[in-house]
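> here you go, sequence then predicted model.
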Amino acid sequence: MEREQSIIGDSSPRQLQEFYVQSMVGPLDSKVGRSGEPNLNLAPKKDFYTRWHCLHIDPALRPEKFGSPVNPNERLVISHSATNRRLAVENANWFRTLFGMECEVTLHTYLDVHKREMAENIWMIVTQTCGESKEAVRCMQ
């Protein structure tokens, strides 16, 4: 039987395997990225290190908003359940990939003097495509 290859841009239906974002923090052999922070990997199955939760941007409202649905197009903080560290973009570490220039995403909590997460830890789940709204384009830049 001939092995079937996937082609970029191919829209034919295939059975795709699900992957989960994982960060193994703690073991001595855990890998770190270019920034020296823990790496993120894609894991084929769920485990303790693939659990994440979304937090409200305002720390004062987190207890009250805990368990409520995540609203699209709103700023939020993504936290790793195993370590309580935040998902962060390392904007000083850029590298070229197949998809263009990308920056490193790690597990690190950046706090300002008021103990609030800095811009590196703030994310947004965008539900619009670039052509639908200027707001979506501004968020992606």
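Everything's here; your move. Numbers count the residues shown, from 1 in each chain.

> what's the closest non-adjacent residue to R62?
Leaving aside its chain neighbours, R62 sits nearest to H56 (5.0 Å; criterion: Cβ to Cβ, 6 or more residues apart in numbering). The C-beta positions use only the backbone N, C-alpha and C, and glycine is treated the same way.

> where is the longest strand in this structure?
Longest strand in the chain, counting residues (DSSP state E): strand 87-97.

> any idea what L111 is bridged to?
E117 (DSSP bridges).

> state the number of residues packed around it.
By the measure other Cβ atoms under 10 Å, the count of residues near L111 is 11.

> ok, back up a step: given the longest strand of the chain, what are its sheet partners and their directions?
strand 100-107 (antiparallel).

> show me what contacts the spatially most central residue of the chain?
Centroid-nearest residue in the chain, with Cα atoms, centre = their mean: L87, separated by 5.8 Å. By Cβ atoms under 8 Å, 6 or more residues apart in numbering, the residues touching L87 are 52, 77-80, 105-107, 121, 123.

> what do you get for V70?
So V70 contacts 54, 76, 125 (Cβ under 8 Å, 6+ apart).
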